[in-house]
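Undergrad: coordinates for the following, if possible.
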Amino acid sequence: MIALDGTPVLTVAQMRAAEETAFAAGTRPMALMRQAGAAVAVAVGRLAGANEILVLCGPGNNGGVGYVAAARLAAMGKKVRVAALADPDSEQALEARAGWAGPIEPLADARPAPVVVDALFGIGLSRPLADEHLAALRRLVAAAMLSIAVDVPSGVGTDDGTVPGDLPRFDVTLALGAAKPAHVLQPAAAYAGEVRLLPLAIDVGSDVSILSAPQLSPPAVDAHKFSRGMVAVVRGRMTGAAQLAAEAAMHAGAGYVALLGATIPEAPHALVRRRFDPAALSDSRIGALVVGPGLGRDDAIREVLAATLATDWPLVVDGDALHLVSAETIAARRAMTILTPHAGEFAAMFGAVEGSKLAATRAAARRSGAVVVHKGPDTVIAAPDGRIICAMAASSWLSTAGSGDVLAGAIAAMLAGGRDAIDAAAAGVWLHAAAAQYLRGPFIADDLARALAAVRA
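TA: Numbers count the residues shown, from 1 in each chain. Modelled structure (predicted):
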């Protein structure tokens, strides 16, 4: 079992294609099923300890993996039982069941066990669970001390992360071969619990991957404040929001941060205050601009935003600014742009998400020509070239006013430091989540901005 950080994410179609490629190269389907079942058995055996294990097997290949795992667990000396909802309906599943020497209980009548393994349905299920199957699964998971799903929890939408019906939540999910969208997209990810990857002998590749920790080196020995990156934050109607973004940029490692358009006596002395004017915007030392936190939406602000968009500096667009610009306006910029919308801001700019958040965010990035950080409990970062980085669920204490302003500042610091747009966005998202984990919670955005320094170090 390994963590998902940095690994590819495959849709159902991509996973099937990877399997077919392996089969075409000479791998027998049954050999792959045995490999998966053996890996599940080792993982379940470690997690279950001396407790009795109940493996729930469905009629398809996921059920076949369950039968193989049950047989391996029995051979390992574990106390294991099998319950099935139907007879196998594939050649491999039939062969796998033949390898299980013990009795098979009907799913509806199965007795609970301290450890339950859901191998009912895998990634291919495209309909809600039947009521009787759902009732049995819920009963057995509720009675278990530990619940483990094989590949994905039965019933969730593999590609879009939907959860039709009142499905049970699992403690652990063992992803076979590669992570799937359901492991990172909400609400399904919350039902998967802790996700661990079981690699298989197939080649898996994708332009979608899981966020991993960035390389955050200390400044070079000959560094100076401008070589570390200058961030300029445009102040709007709510000065505190812009100040949060500015302080976040400082604590995330920017060497010089200027707040354009305000004099704030209570701000840190290290924060430079400058007028918002053409001279400030044309400062050749600027590595990244931030506009949007607390900006406002009146006509005067629209002029401020237009002047900011007209610059050639890398730009982070957040908050109110996302309600005032179009994708086409952003696409016309010559410099790199990062958009950081939450769900409401995304809908205002690109329309409501229908289907997969991955697909919607990728389409938004292509349309705008910008990197889009689609924030939420399942933050998705997409680049115009189609690459996507998915962040696993972060601390729920991030649901506090100003946390988005902090994220904008952290991303700007990474951008000003010389990273390209998608790498800067990913590093900022990682820092933001790590700062929340460092604080544990509850916390306020001011605490979060300061905690960036601790995790950056």
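Undergrad: any idea which residue is closest to the centre of this protein?
TA: In the chain, the C-alpha nearest the mean C-alpha coordinate belongs to residue 391, at 2.5 Å (C-alpha atoms, centre = their mean).
Undergrad: contacting residues for that residue?
TA: When contacts are counted by C-beta atoms under 8 Å, 6 or more residues apart in numbering, residue 391 is found next to 184, 210-211, 378-381, 429-430, 433. The C-beta positions use only the backbone N, C-alpha and C, and glycine is treated the same way.
Undergrad: out of those, which sit inside helices?
TA: Judged by DSSP state H, those include 429-430, 433 as members of helices.
Undergrad: who wins for most neighbours among the contacts of residue 391?
TA: residue 380 (29 neighbours; other C-beta atoms under 10 Å).
Undergrad: roughly how far apart are that residue and residue 437?
TA: 20 Å (C-beta to C-beta, to the nearest Å).
Undergrad: show me where the stretch 251-400 of the chain has strands.
TA: Along the stretch 251-400 of the chain, the segments classed as strands by DSSP state E, counting those that start in this stretch run 256-260, 272-274, 286-291, 315-317, 337-339, 371-374, 380-382, 388-390.
Undergrad: strand partners of the fifth one, parallel vs antiparallel please.
TA: It stands for strand 337-339. Applying DSSP bridges, strand 337-339 is found paired with strand 315-317 (parallel), strand 371-374 (parallel).
Undergrad: check the second one too.
TA: Taking DSSP bridges as the criterion, strand 272-274 pairs within the sheet with strand 256-260 (parallel).
Undergrad: could you tell me which residues within the strand it pairs with count as buried?
TA: Neighbour counts over strand 256-260 (16 or more other C-beta atoms under 10 Å) mark 256-260 as buried.
Undergrad: from the contact counts, what lies against the helix or strand harbouring residue 65?
TA: Assigned by DSSP states H and E, residue 65 belongs to helix 61-75. Where contact means 3 or more C-beta pairs under 8 Å, 6 or more residues apart in numbering; DSSP states H and E, helix 61-75 is packed against helix 29-48, strand 53-57, strand 80-84, helix 91-98, strand 115-119, strand 146-150.
Undergrad: and it, what's buried?
TA: Quick answer for helix 61-75 (16+ other C-beta under 10 Å): 61-74.
Undergrad: one more: stretch 119-138?
TA: So for stretch 119-138, counting by 16+ other C-beta under 10 Å, buried means 119-123, 125, 129, 133-134, 136-137.
Undergrad: could I get the pLDDT score of residue 273?
TA: On pLDDT, residue 273 comes in at 89.
Undergrad: would you confirm that it contacts residue 266?
TA: No: with contact defined as C-beta atoms under 8 Å, residue 273 does not reach residue 266; the gap is 11.7 Å.
Undergrad: so which of these two has more stuff around it?
TA: Remark: of residue 273 and residue 266, residue 273 carries more neighbours, 15 against 6, as counted by other C-beta under 10 Å.
Undergrad: can you get me a residue count around the residue lying closest to residue 39 once chain neighbours are set aside?
TA: Leaving aside its sequence neighbours, residue 39 sits nearest to residue 198 (C-beta to C-beta, 6 or more residues apart in numbering; 4.1 Å). Neighbour count for residue 198, taken as other C-beta under 10 Å: 20.
Undergrad: wait, what's in contact with residue 198?
TA: So residue 198 contacts 1, 36, 39-40, 43, 174-177 (C-beta under 8 Å, 6+ apart).
Undergrad: try residue 102
TA: Contacts of residue 102 by C-beta under 8 Å, 6+ apart are 70, 74, 80-82.
Undergrad: as a markdown table, these with distance to residue 229 and pLDDT would be great.
TA: Shown next, in a markdown table, are the contacts of residue 102 (distance: C-beta to C-beta, whole Å; pLDDT from 0 to 100):
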| residue | distance to residue 229 | pLDDT |
| --- | --- | --- |
| 70 | 56 | 98 |
| 74 | 59 | 97 |
| 80 | 57 | 98 |
| 81 | 60 | 98 |
| 82 | 59 | 98 |
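Undergrad: so where is the stretch 351-457 of the chain shaky, pLDDT-wise?
TA: Filtered on pLDDT under 70, the stretch 351-457 of the chain yields no residues whatsoever.
Undergrad: can you show me the helices along it?
TA: 357-368, 403-416, 421-439, 445-456 (DSSP state H, counting those that start in this stretch).
Undergrad: quick check: which of these is buried the most?
TA: Burial of those is given as mean neighbour count (mean count of other C-beta atoms under 10 Å); helix 403-416 ranks first at a mean of 31.
Undergrad: and it, what does it pack onto?
TA: If contacts are counted by 3+ C-beta pairs under 8 Å, 6+ apart, helix 403-416 sits against strand 230-234, helix 239-251, strand 286-291, strand 315-317, helix 421-439, helix 445-456.
Undergrad: what lies in contact with the fourth one?
TA: Residues from elsewhere that reach strand 315-317, judged by C-beta under 8 Å, 6+ apart: 288-292, 308-309, 325, 330, 333, 335-340, 370, 408, 411-412, 415.
Undergrad: what do you get if the cut-off is 7 Å, keeping everything else the same?
TA: For strand 315-317, contacts defined as C-beta atoms under 7 Å, 6 or more residues apart in numbering pick out 288-292, 325, 335, 337-340, 408, 411-412, 415.
Undergrad: of the residues you listed, select the buried ones using a ChimeraX command.
TA: To isolate the buried members of the contacts of strand 315-317 in ChimeraX, using 16+ other C-beta under 10 Å:
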select :288,289,290,291,292,325,337,338,339,340,408,411,412,415
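Undergrad: closest to residue 143 out of the contacts of strand 315-317?
TA: Nearest to residue 143 among those: residue 340, at 43.6 Å, using C-beta to C-beta.
Undergrad: pLDDT score for that closest one?
TA: pLDDT recorded at residue 340 is 98.
Undergrad: hmm, back to that, let's have the strands paired with strand 337-339 in CSV, adding distance to residue 249 and mean neighbour count.
TA: Output for those, formatted as CSV (distance: least, C-beta to C-beta, whole Å; neighbours: other C-beta atoms under 10 Å):
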stretch, distance to residue 249, mean neighbour count
strand 315-317, 10, 31
strand 371-374, 16, 30
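Undergrad: could you dump these to CSV with distance to residue 421?
TA: Putting these into CSV (distance: least, C-beta to C-beta, whole Å) gives the following:
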stretch, distance to residue 421
strand 315-317, 9
strand 371-374, 4
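Undergrad: who wins for proximity to residue 87 among these?
TA: Closest approach to residue 87 among the strands paired with strand 337-339 is made by strand 371-374 (43.2 Å; C-beta to C-beta).
Undergrad: ok, which of the helices and strands packed on helix 403-416 comes nearest residue 49?
TA: helix 421-439 (28.1 Å).
Undergrad: what's in contact with that closest one?
TA: 211, 213-214, 252, 336, 338, 371, 373, 379, 381, 383, 387, 389, 391, 394-395, 397-398, 406-407, 410-411, 414-415, 419, 447-448, 451-452, 454-456.
Undergrad: dump it to PDB, restricted to CA.
TA: Output of helix 421-439 as PDB, limited to C-alpha atoms (Å, rounded to 0.1, in the frame of the first residue of the first chain):
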ATOM      1  CA  ALA A 421       1.600  28.900 -13.500                       C
ATOM      2  CA  ILE A 422       0.400  25.300 -12.800                       C
ATOM      3  CA  ASP A 423       3.400  24.600 -10.600                       C
ATOM      4  CA  ALA A 424       2.900  27.800  -8.700                       C
ATOM      5  CA  ALA A 425      -0.800  27.100  -8.200                       C
ATOM      6  CA  ALA A 426       0.000  23.600  -7.000                       C
ATOM      7  CA  ALA A 427       2.700  24.700  -4.600                       C
ATOM      8  CA  GLY A 428       0.400  27.400  -3.200                       C
ATOM      9  CA  VAL A 429      -2.500  24.900  -2.700                       C
ATOM     10  CA  TRP A 430      -0.200  22.500  -1.000                       C
ATOM     11  CA  LEU A 431       1.200  25.200   1.300                       C
ATOM     12  CA  HIS A 432      -2.300  26.400   2.200                       C
ATOM     13  CA  ALA A 433      -3.400  22.900   3.100                       C
ATOM     14  CA  ALA A 434      -0.200  22.200   5.100                       C
ATOM     15  CA  ALA A 435      -0.600  25.400   7.000                       C
ATOM     16  CA  ALA A 436      -4.100  24.400   8.000                       C
ATOM     17  CA  GLN A 437      -2.800  21.000   9.100                       C
ATOM     18  CA  TYR A 438      -0.100  22.600  11.100                       C
ATOM     19  CA  LEU A 439      -2.700  24.800  13.000                       C
END
